[in-house]
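Peer 1: sequence unavailable; structure follows:
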């Protein structure tokens, strides 16, 4: 049975969307709404000229699991993002400096959490309901803007291990990649948990950019419990934990006579905290061995390397900035201290294919996360010690297809489909009394709506 929760924020956004439609119609007739809209635009332009910019984005999703998973059913979830960016040079005379802050109001249920049981969440919006601070940082530009240093609470998913062609997809792993989102404490600095850190970006040449950042390694206290619940409002500002380092080089170039844009990124990360062994105790016995402690041994330090390749394959006839593009990302991490040791994702994006709807987009993408060899061996140990027909985990993979239709310049509707293979990496179904069957593959349909201001 589908459960729906429509908080006040949703009703407000619905009214806003209706207002957008009414304004658009009134503008066509040149009525009073057109004048009001011009005044509002002028007010925002005056604020921007004074150094103040404000933004509001609401993402609302109705998602349903129609087959497989833990159980069938549906949810509504939403996230309101309010932000401000201040040009400190215009406001207080601080040359080359910018301040940014934004907050989330998250509400609703989670389809992956309540109905599927998969690792790579069906939606990047899915999180525990909360009102929380997300980012709050100051960036200083140096050397004529070629170097930018950002200090404060920030996320890593926008600049690091990222492709410019993956932003339309709903699955969380197609934003911040599944391997880092699963292996790092709290998922690493990504929605909904940003952490204090320092990021340096250097434009080495017109085509080569270097990035280096150090973040606090834990968004919440490293104790048992959900990190989102342990840091419910995003204001812990932890700065004394073992750090997490990440760096990358991004090289942009053109292909062919038309100079089709392409980019290659190579990077690595290094975490200086402690991670639980996926198979062995501190005494060297299997965690599944009844004669041992049953507690994972601690392994200090962790790391990963990653690569991203993206390219436009063909330009649209009416708009050279649109067309057919694809991206591919890959990463690997040590097997003994990570649940995922190998990861791939990639997809195709189609834009500018319709003269009548020039801003619509169509995308198809897939992810693959391999359960590490040590974690698989642990499953075999469980079978050996218990004699139970316990399934050995192998991988989780997801296929996503969606279409993004622009109803108005600030109102987008996005029907989507996802097929989730081997939820949880192929874990045993908790409802199976024989403990011999995996959670079944899940089939997800839904609609995402996005309203921006």
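Peer 2: Right, received. Where do you want to start? It should be emphasised that the depicted structure is a prediction, and the values quoted were computed from it without experimental measurement.

Peer 1: what mean pLDDT does the top strand by length along the chain have?
Peer 2: The longest strand of the chain (DSSP state E) is strand 260-281. Strand 260-281 shows a mean pLDDT of 98 in the predicted model.

Peer 1: please renumber so the chain begins at 121
Peer 2: Taking 121 as the first residue, the last one we looked at is strand 380-401.

Peer 1: helices or strands up against that strand?
Peer 2: When contacts are defined as 3 or more Cβ pairs under 8 Å, 6 or more residues apart in numbering; DSSP states H and E, strand 380-401 sits against strand 363-375, strand 416-435, helix 493-506. In short, each C-beta sits where N, CA and C put it, glycine included.

Peer 1: please redo it, this time with the cut-off set to 10 Å
Peer 2: If contacts are counted by 3 or more Cβ pairs under 10 Å, 6 or more residues apart in numbering; DSSP states H and E, strand 380-401 sits against helix 298-303, strand 328-336, strand 363-375, strand 416-435, strand 443-452, helix 493-506.

Peer 1: that one to strand 416-435, inter-axis angle?
Peer 2: 160 degrees (axes from the mean of the first three to the mean of the last three Cα atoms, to 10 degrees).

Peer 1: so is the residue lying closest to residue 198 once chain neighbours are set aside in a helix, a strand, or just coil?
Peer 2: Ranked by Cβ to Cβ, 6 or more residues apart in numbering and with sequence neighbours excluded, the top spatial neighbour of residue 198 is residue 180, at 4.3 Å. Assigned with DSSP: H, G, I helix; E, B strand; the rest coil, residue 180 falls in the strand class.

Peer 1: any idea what residue 180 is bridged to?
Peer 2: On the basis of DSSP bridges, residue 180 is bridged to residue 198, residue 569.

Peer 1: report pLDDT for it.
Peer 2: At residue 180, pLDDT is 97.

Peer 1: quick one on the thing from earlier: buried deepest among the helices and strands packed on strand 380-401, which one?
Peer 2: Comparing the helices and strands packed on strand 380-401 by mean neighbour count (mean count of other Cβ atoms under 10 Å), helix 298-303 comes out on top with a mean of 25.

Peer 1: now do that one: which elements does it pack against?
Peer 2: Applying 3+ Cβ pairs under 10 Å, 6+ apart, one finds that helix 298-303 contacts strand 380-401, strand 416-435, strand 443-452, strand 460-471, strand 481-491, strand 515-528.

Peer 1: re earlier: nearest to residue 514, out of the helices and strands packed on strand 380-401?
Peer 2: Closest approach to residue 514 among the helices and strands packed on strand 380-401 (Cβ to Cβ): helix 493-506, 6.9 Å.

Peer 1: hmm, who's touching the closest one?
Peer 2: Residues from elsewhere that reach helix 493-506, judged by Cβ atoms under 10 Å, 6 or more residues apart in numbering: 397-400, 405-411, 416, 454-462, 490-492, 508-515, 545-548, 555.

Peer 1: distance of residue 323 relative to residue 510?
Peer 2: Distance from residue 323 to residue 510, counting by Cβ to Cβ, to the nearest Å: 53 Å.

Peer 1: so between these two, which is more surrounded?
Peer 2: More neighbours surround residue 510 than the other of residue 323 and residue 510, with 19 against 15 (other Cβ atoms under 10 Å).

Peer 1: how many neighbours does residue 191 have?
Peer 2: A total of 12 residues lie near residue 191 under the criterion other Cβ under 10 Å.

Peer 1: what are the phi and psi angles of residue 509?
Peer 2: The phi/psi pair for residue 509 (degrees, to the nearest 10) reads phi -80, psi 50.

Peer 1: tell me, how many residues neighbour it?
Peer 2: Neighbour count of residue 509, defined by other Cβ under 10 Å: 11.

Peer 1: that one and residue 558, how far apart?
Peer 2: According to Cβ to Cβ, residue 509 and residue 558 sit 11 Å apart.

Peer 1: with residue 233 instead?
Peer 2: According to Cβ to Cβ, residue 233 stands 18 Å off from residue 558.

Peer 1: over to residue 524?
Peer 2: 33 Å.

Peer 1: ditto for residue 417
Peer 2: Taking Cβ to Cβ, one finds residue 417 at 28 Å from residue 558.

Peer 1: hmm, back to that, ok, of the contacts of helix 493-506, which come out buried?
Peer 2: Among the contacts of helix 493-506, those that count as buried by neighbour count (16 or more other Cβ atoms under 10 Å) are 397-400, 405-409, 416, 454-462, 490-492, 510-513, 515, 545-548.

Peer 1: ok so, going back, just the buried positions in the longest strand of the chain, please.
Peer 2: In strand 380-401, counting by 16+ other Cβ under 10 Å, buried: 380-383, 385, 387, 389, 391, 393-401.

Peer 1: now do stretch 182-193
Peer 2: Judged by neighbour count (16+ other Cβ under 10 Å), stretch 182-193 contains these buried residues: 182-185, 188-190, 192-193.

Peer 1: could those be laid out in a markdown table, adding distance to residue 328 and secondary structure?
Peer 2: Output for the buried residues of stretch 182-193, formatted as a markdown table (distance: Cβ to Cβ, whole Å; DSSP: H, G, I helix; E, B strand; the rest coil):
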| residue | distance to residue 328 | secondary structure |
| --- | --- | --- |
| 182 | 43 | strand |
| 183 | 40 | strand |
| 184 | 45 | strand |
| 185 | 44 | strand |
| 188 | 45 | strand |
| 189 | 44 | strand |
| 190 | 47 | coil |
| 192 | 50 | coil |
| 193 | 49 | strand |
